[in-house]
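In: I'd like to go over a predicted model; first the sequence, then the structure.
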Amino acid sequence: MAAVKFPKGFLWGAATSAHQVEGGNRNDWMEWEIETAKRKVQSAKQNPPAGGWSDFILKNYPNPLQEENYISGRACDHYNRFRQDFDIAKQLGHNAHRFSIEWSRVEPEEGKFNQAEIEHYRQMIQALRERGMEPFVTLWHYTLPRWFAVRGGWLAADAPKLFTRYAERMAAEFGNQVKFWITENEPETFARHGFLTGDRPPGKRNIWQAYRVLKNLLSAHLLTREAIHILRPNAQVGIAETQVFFEPFDKSPVNRLVLRIVKWWRNNPFIRHFIANSDFFGLEYYFHTRVRFNPFVSKWGIQYNENKAVSDMGWELYPQGIEPLLAELNLFRKPIYILEHGLADAKDSRRAWYIKESLKQVGKALAQNLDVRGYFHWSLLDNFESNLGFWPRFGLVEVEYKTLERKIRPSAWEYKKIIDANAIET
Ligand code: BGC
């Protein structure tokens, strides 16, 4: 008997984002990458992970001690090879696929749209449809056109309006081919890294600005959803946000209080408004944190995990977090798609286990009648991981960056078995 059965019509796939796979992008990130590459090599040398960089990571190209690692450059050349990559996804049994449109390509100058780039994305959507994969289209996954960044980026008062104009155009162009739209990817992550820790563009450290950016991102989401619905009343418009599974380390009132504060910000202070004003919620699950306030145990004094299993990036692998998160999100009574979930695992030694155990947790949620409708693994391909570069290997498919050759990892076939059965057998 199957351990878990998934509902008929459940969507299975993987996700990517434009800047992380396409190659040849000219946006605010590309400039930042060139500016910061040297510094990042220094920092990788000075602050290696606990136990040092493994030989396995160092023998891959590019590795964290090389500048090329930190510049997205031609990335996976997915821009030119998307058909081949979608053939692979089809071969792996996927019936849906999430990708993003690179805003800086389709609107390279303020208010001027590039028709050739629009055609490119039309072809991508068609290529998915021809292969029987439902497209999930993200309108914004972190990167910005230069002109938008220069005039203040997401801090500018009219930023939501400008984003909506772009989104509206995309819906007008592709609305008859695309049902599922994701307005923004992880607004909180963007605000935190760009405006609190300052380790991603635009590299600011100002809590008020972070807050303002998040508010603007919320307005942009609301306006965009409205605009898409006017053009395409049947479109499903949602938001993708990462949610950390938080637990208090113990029952102490201090830890519980600190948990509330950290959770309020980290899981997005406006999450209720985002979800309430969405047709579905896109859950991204990567982290588990046991909150313990003790400045002596960790840098921030707020975290203590068991770390029985970790990814190559040191992130704890904790499949058990998915089910309680889904249960909590059910309060909003919206359909949920898991739009990202995965791990950096160059040796592919834990990916199959992680996918299966996590999907068992999804099964538990389904057994409680929670409305989960799809799962997209992060990622289809190895790709450029924001400020860390190429060395973290998130792909179901390995990319050999020297030759750009694709190699399907064994875990991708294990995932396919689950997809084919629409169930987990053991
Ligand atoms: C982001 C991706 C990123 C992944 C792994 C997600 O939060 O949306 O762009 O590659 O995490 O860090």
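Out: Good, I have the coordinates.

In: what does the stretch 251-400 of the chain have sitting close to the ligand?
Out: Contact residues (C-beta under 6 Å from any ligand atom) of the stretch 251-400 of the chain with the ligand: Glu284, Glu340, Trp378, Glu385. For every residue, glycine as well, the C-beta is placed using N, CA and C.

In: which of the three states applies to Leu343?
Out: Counting by DSSP: H, G, I helix; E, B strand; the rest coil, the backbone at Leu343 sits in coil.

In: which residues touch it?
Out: Leu343 is in contact with Tyr286, Ser311, Asp312, Met313, Trp315, Leu317, Arg350, Arg351, Tyr354, Phe394, counting by C-beta atoms under 8 Å, 6 or more residues apart in numbering.

In: let's see 7 Å
Out: Ser311, Trp315, Leu317, Arg350, Arg351, Tyr354, Phe394 (C-beta atoms under 7 Å, 6 or more residues apart in numbering).

In: equivalent analysis for Thr36, please.
Out: Residues in contact with Thr36 (C-beta under 7 Å, 6+ apart) are Tyr70.

In: pLDDT value on it, please?
Out: Looking at Thr36, its pLDDT is 97.

In: which secondary structure element contains it?
Out: Following DSSP states H and E, one finds Thr36 within helix 28-46.

In: quick one on the thing from earlier: so can I have CSV of the contacts of Leu343 showing pLDDT and distance to Thr189?
Out: As requested, the contacts of Leu343 are exported to CSV (pLDDT from 0 to 100; distance: C-beta to C-beta, whole Å):
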residue, pLDDT, distance to Thr189
Ser311, 95, 17
Trp315, 95, 14
Leu317, 97, 19
Arg350, 98, 23
Arg351, 98, 22
Tyr354, 98, 21
Phe394, 98, 15
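
In: among those, which lie within helices?
Out: Arg351, Tyr354 (DSSP state H).

In: about what we covered before: how far off centre is the helix holding Thr36?
Out: 21 Å (C-alpha atoms, centre = their mean, to the nearest Å).

In: so that helix, near the ligand or not?
Out: No - if you take C-beta under 6 Å from any ligand atom as the test, helix 28-46 misses the ligand, and the best it gets is 11.2 Å.

In: in space, what's closest to Gly363 - neighbours in sequence excluded?
Out: Nearest residue to Gly363, sequence neighbours excluded (C-beta to C-beta, 6 or more residues apart in numbering): Val4, at 3.0 Å.

In: please report how far the one you found lies from Ile424.
Out: In this view, Val4 and Ile424 are 4 Å apart by C-beta to C-beta, to the nearest Å.

In: mutual contacts of the two, please.
Out: Shared contacts of Val4 and Ile424, counting by C-beta under 7 Å, 6+ apart, come down to Leu359, Lys360, Gly363.

In: sort out for me which of the residues of the stretch 251-400 of the chain next to the ligand are in strands.
Out: Those of those mapping onto strands are Glu284, Glu340, Trp378, per DSSP state E.

In: which of the residues you listed sits closest to Leu326?
Out: Proximity of those to Leu326 (C-beta to C-beta) peaks at Glu284, which lies at 12.5 Å.

In: surely that closest one and Glu340 touch.
Out: Yes - between Glu284 and Glu340 there is a contact under C-beta atoms under 7 Å: 3.8 Å.

In: look at the two and report which has more neighbours.
Out: Using other C-beta atoms under 10 Å as the criterion, Glu284 and Glu340 rank with Glu340 on top: 25 against 20.

In: could you export stretch 378-397 as CSV, CA atoms only?
Out: What follows is stretch 378-397, C-alpha atoms only, in CSV (Å, rounded to 0.1, in the frame of the first residue of the first chain):
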residue,chain,number,x,y,z
TRP,A,378,14.3,24.1,-6.2
SER,A,379,15.9,23.7,-8.6
LEU,A,380,15.7,22.1,-12.0
LEU,A,381,19.3,23.0,-12.7
ASP,A,382,22.4,23.9,-10.7
ASN,A,383,22.4,27.7,-10.8
PHE,A,384,23.9,31.0,-9.6
GLU,A,385,23.0,31.3,-5.9
SER,A,386,22.8,35.1,-5.3
ASN,A,387,25.7,36.2,-3.2
LEU,A,388,27.4,32.8,-2.9
GLY,A,389,27.7,32.2,-6.6
PHE,A,390,27.9,28.9,-8.4
TRP,A,391,29.4,26.5,-5.9
PRO,A,392,26.1,25.6,-4.1
ARG,A,393,24.6,22.8,-6.2
PHE,A,394,20.8,22.9,-6.0
GLY,A,395,19.9,21.1,-9.3
LEU,A,396,18.0,17.9,-10.0
VAL,A,397,20.3,18.3,-13.0
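
In: about what we covered before: show me the shared contacts of Val4 and Ile424 that map onto helices.
Out: Applying DSSP H to the shared contacts of Val4 and Ile424, the entries found in helices are Leu359, Lys360, Gly363.
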